[in-house]
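Student: All I have is the shape, not the residue letters:
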């Protein structure tokens with residue numbers, strides 16, 4: 001505190017104080033410190049992301065969206081910022097906005113598995129199952145057909161009443177390392 005009293009623009013002191021408040025679960029004070037950190041160093045992208053996480057925890061999703069939008073105005077291709085913004089939009093059921101963010105992010109990161117996967121999730125919530133399927137398949141191609149992608153593709157195949165393809169996807173899930181994915185696969189196979 002004494003360093004900040006002598007020099008309110010001491011980045012290191014505000015950073016330590018933000019960490020202290022985080023460790024002690026004083027989120028309101030931690031938010032204030034991250035606001036100061038962002039003000040002091042506008043190029044540190046991680047500070048924007050941390051600030052947005054805190055704002056979400058404080059049930060301030062609109063502020064978190066504004067924080068990340070500010071970051072992405074400066075660096076529209078920043079993958080972590082785009083993913084975090086899309087997740088907040090998804091969690092607040094702003095699926096169309098999330099799709100716009102993710103599609104824009106793909107212009108800068110065309111091989112990012114996560115972007116296609118999150119597009120699949122958002123299109124599913126918009127009941128646009130063909131686009132959901134296409135994006136899950138792109139994600140699976142980039143990431144090597146992981147279990148969760150197969151699970152989602154299987155669910156979409158059921159929607160299209162393509163049961164043979166659904167069964168194939170669910171069978172592929174049975175070798176996954178994630179027990180939850182395997183359990184869901186068995187559930188859908190039994191169905």
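Tutor: Received the coordinates, thanks. Please read all numbers here as calculations on a predicted model, not as lab measurements. Numbering: from 1, shown residues only.

Student: Run a quick neighbour tally on residue 167.
Tutor: Residues near residue 167, counting by other Cβ atoms under 10 Å, number 15. For the C-beta atoms, the positions are set from N, CA and C on the backbone; glycine is no exception.

Student: OK, contacts around it?
Tutor: Remark: with contacts taken as Cβ atoms under 8 Å, 6 or more residues apart in numbering, residue 167 is in contact with 154, 189.

Student: Could you say which helix or strand holds it?
Tutor: Assigned by DSSP states H and E, residue 167 belongs to helix 163-173.

Student: next helix or strand past that helix?
Tutor: That would be, after helix 163-173 and using DSSP H and E, helix 179-190.

Student: and that following helix, how far out from the chain's middle?
Tutor: Distance of helix 179-190 from the chain centroid (Cα atoms, centre = their mean, to the nearest Å) equals 24 Å.

Student: contacts for it?
Tutor: Contact with helix 179-190 is made by 147-148, 150-151, 154-155, 158, 166-167, 170-171, 173-174, 176, as judged by Cβ under 8 Å, 6+ apart.

Student: how about those, which pair is most distant?
Tutor: 158 and 176 (18.3 Å; Cβ to Cβ).

Student: Low-confidence ranges, the protein, go.
Tutor: The chain contains residues with pLDDT under 70 at 1-7, 144-145.

Student: can you give me the helices for it?
Tutor: Using DSSP state H, the helices of the chain run over 2-6, 11-23, 27-40, 45-57, 61-74, 79-91, 95-108, 113-125, 129-143, 147-159, 163-173, 179-190.

Student: any idea how far the residue nearest to residue 106 when sequence neighbours are not counted lies from residue 136?
Tutor: With Cβ to Cβ, 6 or more residues apart in numbering as the criterion, residue 106 has its nearest non-adjacent residue at 5.3 Å, and that residue is residue 115. Residue 115 is 12 Å from residue 136, where distance means Cβ to Cβ, to the nearest Å.

Student: do residue 99 as well
Tutor: For residue 99, the distance to residue 136 (Cβ to Cβ) stands at 14 Å.
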